[in-house]
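*Asks:* got a predicted model here, sequence first, then my questions.
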Amino acid sequence: MFQSIVFSVIAVVIVNRLLRPLAHRFGLIDVSGGRKRHANPTPLIGGIVIFIAFSLGLLLQVPLGRDFAYVLMPAALLILMAGVADDLYDLPASWRLVLEAVAVLLVIYGLDLSFDVAGYMAPNLEVVIEPIAIPLVVLAVVGMINAFNMMDGIDGLSSGVVVVALVGLLIFESEQQYVSGVFWYAVILASTVVMFMLLNLGLFTSKKVFLGDAGAMVLGFLVMLLMLIASQRSEPGVVGQFTLIDGLWCVAIPLADCLSVMVRRALAGRHPFHADRGHLHHVLLRVGFGPRATLVLVLLAASLWLSVGYAFKISGIEWMSMWVFLAYLISYIVCMVHAYWIIKKIRPVISRFKRNSAVVRAVILK
């Protein structure tokens with residue numbers, strides 16, 4: 001397993017170096033303008049880099065068997081191709097949604113996944129979703145693929161929330177009696193994404209690389225499918241098994257942010273997929289935080305809600321998890337719908353804090 005992790009991490013660096021010239025040659029680059037504020041044309045090859053590096057890591061370690069890899073990775077490749085096409089030609093949203101749904105169905109039926117119970121809504125009272133499981137799961141996964149894509153607004157953000165989600169899956173999986181293949185897949189993928197995140201942030205080189213739609217989409221797909229597969233292993237009704245509600249805590253921030261912007265756009269009479277600057281990271285930037293501070297705050301918030309979900313998991317009152325998550329979701333949506341009013345109230349406080357901090361630093365330096 002260690003060899004797979006090291007191999008995939010090194011592959012990220014090598015594949016990135018090899019693909020950069022090709023990105024410029026074929027026009028797979030992102031230029032500034034409109035909502036995009038970066039200074040230089042930047043290759044949109046993050047998705048391809050991560051997919052290749054992750055696949056190479058799996059060549060050394062296929063813990064769930066070849067059948068699993070043969071089903072999941074071709075479906076992920078379909079998502080990747082759709083994302084690359086979107087980066088190059090700006091595909092209509094309907095085309096992307098259809099291709100995403102097809103990829104999800106390929107995995108569900110290819111691996112014969114079934115979904116009977118989502119979690120608990122009261123002690124010993126399960127949330128049964130079997131009659132509508134397949135369309136509900138497809139809708140949820142397709143929605144989350146686009147939710148991760150919507151988070152790709154500042155360097156490191158989309159890949160960062162992916163890492164938090166994967167760490168959450170690993171934490172929940174650690175409660176199981178044995179180490180599953182999903183655990184090792186998540187470890188390899190998380191290591192690959194962390195390495196890419198460092199390149200995306202420009203920590204090792206000034207030549208940055210972006211995820212692009214392809215990267216955010218394929219990562220969202222892999223994260224969600226690993227969670228769905230993790231929910232299959234235990235027998236129904238076994239307390240402590242990974243449930244779909246547990247998965248929601250792993251993706252609490254991107255899910256809530258996606259729903260909130262769609263609600264806000266609908267209330268304003270705009271199309272739900274009409275891009276704007278109303279996401280959480282945009283709000284924090286408008287308040288006065290810098291890009292790095294915004295990144296840290298969002299990842300801390302994602303980690304906080306993950307911790308809340310895990311606390312319910314180990315506390316013995318797991319049934320309350322769903323209700324608390326619903327309360328969080330509604331509160332988040334309400335706050336984001338009124339984000340501009342909140343900004344007006346908070347911005348003066350942040351400004352005073354910055355001025356006072358500057359005065360304190362000046363006094364100390366004297």
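*Replies:* Cool, the structure landed.
*Asks:* from now on I want contacts and neighbour counts done on CA atoms only, so please keep to that.
*Replies:* OK.
*Asks:* OK, contacts around the closest residue to Ala23 other than its chain neighbours?
*Replies:* Counting by C-alpha to C-alpha, 6 or more residues apart in numbering, Ala23 lies nearest to Pro43, which is 5.7 Å off, once chain neighbours are set aside. Under the criterion of C-alpha atoms under 8 Å, 6 or more residues apart in numbering, the neighbours of Pro43 are Arg20, Ala23, His24, Leu28, Ile29, Asp30, Lys208, Val209, Phe210.
*Asks:* adding secondary structure, write these out as JSON lines.
*Replies:* Written out in JSON lines, the entries for these read as follows (DSSP: H, G, I helix; E, B strand; the rest coil):
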{"residue": "Arg20", "secondary structure": "helix"}
{"residue": "Ala23", "secondary structure": "helix"}
{"residue": "His24", "secondary structure": "helix"}
{"residue": "Leu28", "secondary structure": "coil"}
{"residue": "Ile29", "secondary structure": "strand"}
{"residue": "Asp30", "secondary structure": "strand"}
{"residue": "Lys208", "secondary structure": "coil"}
{"residue": "Val209", "secondary structure": "coil"}
{"residue": "Phe210", "secondary structure": "coil"}
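*Asks:* now, of those, which are buried?
*Replies:* With neighbours counted by 16 or more other C-alpha atoms under 10 Å, the contacts of Pro43 contain buried members at Arg20, Ala23, Leu28, Ile29, Asp30, Lys208, Val209, Phe210.
*Asks:* minimum pLDDT in those residues, which residue is that?
*Replies:* Looking at pLDDT alone, the buried ones among the contacts of Pro43 dip lowest at Asp30, where the score is 78.
*Asks:* from Ala82, how far out is it?
*Replies:* 17 Å (C-alpha to C-alpha, to the nearest Å).
*Asks:* do the same with Ala11
*Replies:* When C-alpha to C-alpha is the yardstick, Ala11 and Ala82 sit 23 Å from each other.
*Asks:* tell me what the host helix or strand of Glu100 is packed against?
*Replies:* Taking DSSP states H and E as the definition, Glu100 sits inside helix 93-110. For helix 93-110, the helices and strands in contact under the criterion 3 or more C-alpha pairs under 8 Å, 6 or more residues apart in numbering; DSSP states H and E are helix 66-89, helix 133-150.
*Asks:* could I get the first one in PDB with only the CA atoms?
*Replies:* Okay, so that is helix 66-89. These are the backbone C-alpha positions of helix 66-89, laid out as PDB (Å, rounded to 0.1, in the frame of the first residue of the first chain):
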ATOM      1  CA  ARG A  66     -10.300  -6.300 -10.600                       C
ATOM      2  CA  ASP A  67     -14.100  -6.300 -11.100                       C
ATOM      3  CA  PHE A  68     -14.400  -3.200  -8.900                       C
ATOM      4  CA  ALA A  69     -11.600  -1.300 -10.800                       C
ATOM      5  CA  TYR A  70     -13.000  -2.400 -14.200                       C
ATOM      6  CA  VAL A  71     -16.400  -0.900 -13.400                       C
ATOM      7  CA  LEU A  72     -15.500   2.200 -11.400                       C
ATOM      8  CA  MET A  73     -12.600   3.600 -13.500                       C
ATOM      9  CA  PRO A  74     -14.200   3.400 -17.000                       C
ATOM     10  CA  ALA A  75     -17.200   5.200 -15.500                       C
ATOM     11  CA  ALA A  76     -14.800   7.800 -14.000                       C
ATOM     12  CA  LEU A  77     -13.200   8.100 -17.400                       C
ATOM     13  CA  LEU A  78     -16.500   9.000 -18.900                       C
ATOM     14  CA  ILE A  79     -16.900  11.700 -16.400                       C
ATOM     15  CA  LEU A  80     -13.400  12.900 -17.100                       C
ATOM     16  CA  MET A  81     -14.000  13.000 -20.900                       C
ATOM     17  CA  ALA A  82     -17.200  15.000 -20.300                       C
ATOM     18  CA  GLY A  83     -15.300  17.500 -18.100                       C
ATOM     19  CA  VAL A  84     -12.500  17.900 -20.600                       C
ATOM     20  CA  ALA A  85     -15.100  18.500 -23.400                       C
ATOM     21  CA  ASP A  86     -16.700  21.100 -21.100                       C
ATOM     22  CA  ASP A  87     -13.400  22.800 -20.400                       C
ATOM     23  CA  LEU A  88     -12.700  23.000 -24.200                       C
ATOM     24  CA  TYR A  89     -16.100  23.600 -25.700                       C
END
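*Asks:* gap between that helix and the chain center?
*Replies:* Here the centre of helix 66-89 is set off from its chain's centre by 16 Å, with C-alpha atoms, centre = their mean, to the nearest Å.
*Asks:* on that earlier part again, and the angle from the next helix or strand after the helix holding Glu100 to helix 133-150?
*Replies:* Read in the C-terminal direction, the helix or strand following helix 93-110 is strand 117-122, with elements assigned using DSSP H and E. Between the axes of strand 117-122 and helix 133-150, defined by axes from the mean of the first three to the mean of the last three C-alpha atoms, to 10 degrees, the angle is 90 degrees.
*Asks:* burial measure for the closest residue to Ala85 other than its chain neighbours, as a count.
*Replies:* Closest residue to Ala85 in three dimensions, ignoring its sequence neighbours and counting by C-alpha to C-alpha, 6+ apart: Leu91, at 6.7 Å. When neighbours are defined as other C-alpha atoms under 10 Å, Leu91 has 14 of them.
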